[in-house]
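Student: Need coordinates for the following:
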Amino acid sequence: MAKRRGAASGKPTGAGSAGKRKERRASKFGGGSSTPKVKDAGVKKKKSSSVQGKSSGQYQRAGKTDVVEKTGGKTEEKAESKPVKRKSDNEQDKTSQLSKHHKPNSDLIQSLSAEWEKLRPEKVAEGDRKKGLSQLANKVKGKVVDLGSNHKTSRVIQAIIKNGTAAEKAAIFKEITNTESMVLLAKSAYGNFIVRSLLEKSPKKELPRILACLRGRVVPLARHPCGTAVLEAAYSVANSAQRSALIAEFYGPEFALKAQAAIVAGGPSLRLRDALADPGLGGRRAVIGHASRVLAGVWEKGMVASAYIHRVLNEYFQEAPASMVQEAVEALAGDAVLVRMMHTLDGARAVNTLMAAASAKQRKKVLKSLKDLVLKIALDQSGRLVILGLMDVVDDTVLMKKIVISELCSDLYGLASDKHARVCLLHLLNPRCPRYLPPALVETLPPLDQLQVADSSTAGESQKDKEEKSKAEKGKQGKKGEKSKGDEDDGDGVEEEGASGGGPKKPLTVKRRELLSGKDGLGKKLVDMCFEHSAEMLCDHVKADVLAEVMSGGVECEMAEAVGCEEMQRLYEAVAEAATVRVPKTKECEGEEEEEEKEGTSILTDYTGSRVLRRLALLPAPKSPEGVACFASVLWAKVFKGNCSKWLNTHAEKVLAAILESEDEKTAKAIRVEITKLLKPVSIVEW
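Tutor: Just a heads-up that it's a prediction; the model follows:
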């Protein structure tokens, strides 16, 4: 009854499902058809189709299929296919092992790796290790190229190159040193380590043979992630002429041949400017165009971390037209690509060239990519030059303070103590000073003629004079001045987003003052740092340079104007009081006989401290703001006045002589009177 009701309603019931199971069981074991006859065939067909659709959806996932066919008004079901039996883990392991044995040299690879694992531990005796390596060298002989691409046997071959005998190394060297084998291994994820090991461990006389195998393949390898590492290793061990020959391939095959011929003839190394001057290479446009196409394939893949690429980019940016440099800026000014170019001198110069040619929007993108990396870059010998370049070219001082200056302020004393990183602070106080930055490094910064266009006519003037002169010029210009007013920078430290390249538009002095200013700005923190560590800074030549430049107030009084008169006076008094602090005796003072040696010596009588104080005493008072006293007068009042006899015949005499030569006439007169009484019958001139 239930079955009939289900058929009439068109919905499968529990009894109907049981009937279907019986049909499938009978079909499976060869029994006759037990399909019940239903009067309403249309309803049955509908039901069968729905069950079929449902079943096919269920069983196809399990590897089963139910096929329903219509024969003579009846529905029959074919026998379901058997489910695919899943292999056990052991069977799968056996299958994978069998497939491995079909690979070439699989048995040899397993044997070599097993033997190498026995030789790797440090506890293995040196003699046993050498004996085992000799056996391994005999096994890999003739198969180095095939085995070099395997991650296990690659390490074995590297160990033979590193610790094997000269004969074993020579056998591997002979097998690899042909262009096909060398390039094949150079592009291998594991084989490239063999080539790099060969470059590092081979004698210098064998290096030309290895480089000859790479000749003509430099550009394709430079675009390959493993090949570029091999070229970097070759560049690091090559001499100047060999490096030039390697680089020449980026400027065209004809120039590469000429560069190689120059090396053979013993001539000078050729550079890009030599290729541009050669009329036989098709002219300047052809050479630059070829270099542009080659380098585009390199920087588009982001492979700009190698030193040889930095040299190529540096030479290219110095000679390429502005339009091509701008294309490079668009490709490199994002995703922290330029960060990978800052660890070499050529790379730092290339980055500074790009930043000078970039637009305001592109500089902003580069600055954001340096977030949390500024301190690390500043501590790098080459990376610090990029920080200096950014201080010169970026007009957006608000963003500079937010990203660069804030990170520098996090460890000011550490920067001041580092011989290289301190330049990042000194550049704002005394930019491009040869005392801190040699001329060779100054050349890596953007040229001054590109940076000082806006304020070249006002160099050497105070800020007040510049403002008055600017107002007078605007009054004379009349309507012309009103038209140009919209083009001038408003001094708020923010660049326009759509500004195009062409160099900065804000005077360097204004930028330095804005970077130092602020209630909790860099200038205030520099004063606080010098105030807290004045004694230590007086006794160290590296730190003393930062102290001296802070106390000078800046080359154009930027520091003094940023912090104000009171802060400068507070610093002067703190340094004067620190001059009498006792410190451990330096090596230069070890020969002096004093009763106070056991407790140390004062900074005034210390060899280093006395010379630093002498330098500070000769500093003129900052011209702006008004009211800042000369440090020599503060030092005289705090330390020497009435006590000159105590400091005679010590290193402190040099400080007294410096105060006597200072620009403060009142102080010089007072010291002259007191010293003259103590020196009789010797004159002060003789003293």
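Student: Could you pull out the helices in the stretch 301-450 of the chain for me?
Tutor: Ranges of helices in the stretch 301-450 of the chain, per DSSP state H, counting those that start in this stretch, are 307-319, 322-332, 345-357, 360-369, 374-378, 383-393, 397-400, 406-409, 412-417, 423-429, 439-442, 448-451.
Student: Can you flag the weakest of those by average pLDDT?
Tutor: Note on the helices of the stretch 301-450 of the chain: helix 448-451 shows the lowest mean pLDDT, a mean of 78.
Student: Show me which residues of it are buried.
Tutor: By neighbour count with 16 or more other C-beta atoms under 10 Å, helix 448-451 contains the buried residues residue 451. Just so you know, the C-beta spots here come from the backbone N, C-alpha and C atoms, and that holds for glycine as well.
Student: I'd like to know how far the spatially closest residue to residue 150 that is not a sequence neighbour sits from residue 181.
Tutor: Excluding its sequence neighbours, the residue lying closest to residue 150 (C-beta to C-beta, 6 or more residues apart in numbering) is residue 109, at 5.7 Å. Relative to residue 181, residue 109 is positioned 19 Å away (C-beta to C-beta, to the nearest Å).
Student: and if you look at residue 234?
Tutor: Distance from residue 234 to residue 181, by C-beta to C-beta: 16 Å.
Student: ok, those two, which is more surrounded?
Tutor: Remark: of residue 234 and residue 181, residue 234 carries more neighbours, 23 against 18, as counted by other C-beta atoms under 10 Å.
Student: I'd guessed the more buried one sits against residue 246; true?
Tutor: Yes: between residue 234 and residue 246 there is a contact at 6.7 Å, judged by C-beta atoms under 8 Å.
Student: Between those two, which contacts overlap?
Tutor: 211, 214 (C-beta atoms under 8 Å, 6 or more residues apart in numbering).
Student: tally of neighbours for residue 159?
Tutor: Neighbour number of residue 159 under other C-beta under 10 Å is 19.
Student: What is the three-state secondary structure of it?
Tutor: On the three-state scheme (DSSP: H, G, I helix; E, B strand; the rest coil), residue 159 is labelled helix.
Student: what's whichever strand or helix holds residue 109 packed up against?
Tutor: Per DSSP states H and E, residue 109 falls inside helix 106-119. With contacts defined as 3 or more C-beta pairs under 8 Å, 6 or more residues apart in numbering; DSSP states H and E, the packing partners of helix 106-119 are helix 126-140, helix 144-148, helix 151-163.
Student: For these, give me CSV that also has mean pLDDT and distance to residue 636.
Tutor: Below are the helices and strands packed on helix 106-119 laid out as CSV (pLDDT from 0 to 100; distance: least, C-beta to C-beta, whole Å):
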stretch, mean pLDDT, distance to residue 636
helix 126-140, 91, 70
helix 144-148, 92, 76
helix 151-163, 93, 67
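Student: Could you export the ones you listed as a markdown table, including distance to residue 431?
Tutor: Shown next, in a markdown table, are the helices and strands packed on helix 106-119 (distance: least, C-beta to C-beta, whole Å):
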| stretch | distance to residue 431 |
| --- | --- |
| helix 126-140 | 57 |
| helix 144-148 | 52 |
| helix 151-163 | 48 |
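Student: Return the most buried member of those helices.
Tutor: helix 144-148 (a mean of 22; mean count of other C-beta atoms under 10 Å).
Student: Just the C-alphas of that one, formatted as PDB.
Tutor: This file holds the C-alpha atoms of helix 144-148, laid out as PDB (Å, rounded to 0.1, in the frame of the first residue of the first chain):
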ATOM      1  CA  VAL A 144      79.900  16.200 -12.600                       C
ATOM      2  CA  VAL A 145      77.500  18.100 -14.900                       C
ATOM      3  CA  ASP A 146      74.800  15.400 -14.500                       C
ATOM      4  CA  LEU A 147      75.200  15.100 -10.700                       C
ATOM      5  CA  GLY A 148      75.600  18.800 -10.100                       C
END
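Student: got the contact list for that helix?
Tutor: So helix 144-148 is contacted by 104-105, 108-109, 112, 140, 153-154, 156-157, 172, 175-176, 181, 184-185, 188, 190-191, 194 (C-beta under 8 Å, 6+ apart).
Student: run the last query once more with 10 Å
Tutor: The contact list for helix 144-148, computed with C-beta atoms under 10 Å, 6 or more residues apart in numbering, reads 104-105, 108-109, 112, 137, 139-140, 153-154, 156-158, 160, 171-176, 178, 180-182, 184-185, 188, 190-195.
Student: Same check on stretch 124-133?
Tutor: 115-116, 118-122, 156, 159-160, 162-165, 168.
Student: again, 7 Å this time
Tutor: 115, 119, 159, 160, 163, 164 (C-beta atoms under 7 Å, 6 or more residues apart in numbering).
Student: got a list of what residue 206 touches?
Tutor: Listed by C-beta under 7 Å, 6+ apart, the contact set of residue 206 reads residue 173.
Student: give me every residue that touches residue 306.
Tutor: 228, 231, 232.
Student: again, but for residue 246
Tutor: 218, 234, 235, 238, 308.
Student: give me that answer again for 10 Å
Tutor: 211, 214-215, 218, 222, 231, 234-235, 238, 256, 259, 308, 311-312.
Student: how close does it sit to residue 345?
Tutor: Distance from residue 246 to residue 345, by C-beta to C-beta: 18 Å.
Student: Equivalent analysis for residue 300, please.
Tutor: Taking C-beta to C-beta, one finds residue 300 at 25 Å from residue 345.
Student: Compare these two and say which one has the larger neighbour count.
Tutor: Legend: neighbour count by other C-beta under 10 Å for residue 300 and residue 345, higher for residue 345 (18 against 11).
Student: Can you show me the helices along the stretch 551-687 of the chain?
Tutor: 558-563, 565-578, 607-617, 631-635, 644-647, 652-660, 665-679.
Student: so what secondary structure elements neighbour the third one?
Tutor: For helix 607-617, the packing partners by 3 or more C-beta pairs under 10 Å, 6 or more residues apart in numbering; DSSP states H and E come out as helix 534-538, helix 541-552, helix 565-578, strand 601-602, helix 631-635, helix 652-660.
Student: as a whole number, average confidence for the fourth one?
Tutor: To tie it back to what came earlier, the one meant is strand 601-602. For strand 601-602, the per-residue pLDDT averages 84.
Student: That one pairs with which strands?
Tutor: On the basis of DSSP bridges, the sheet neighbours of strand 601-602 come out as strand 582-583 (antiparallel).
Student: State the mean pLDDT of the strand it pairs with.
Tutor: 78.
Student: if we can go back for a sec, how about the helices and strands packed on helix 106-119, which one is nearest residue 639?
Tutor: Minimum separation from residue 639 across the helices and strands packed on helix 106-119 (C-beta to C-beta) falls at helix 151-163, 62.6 Å.
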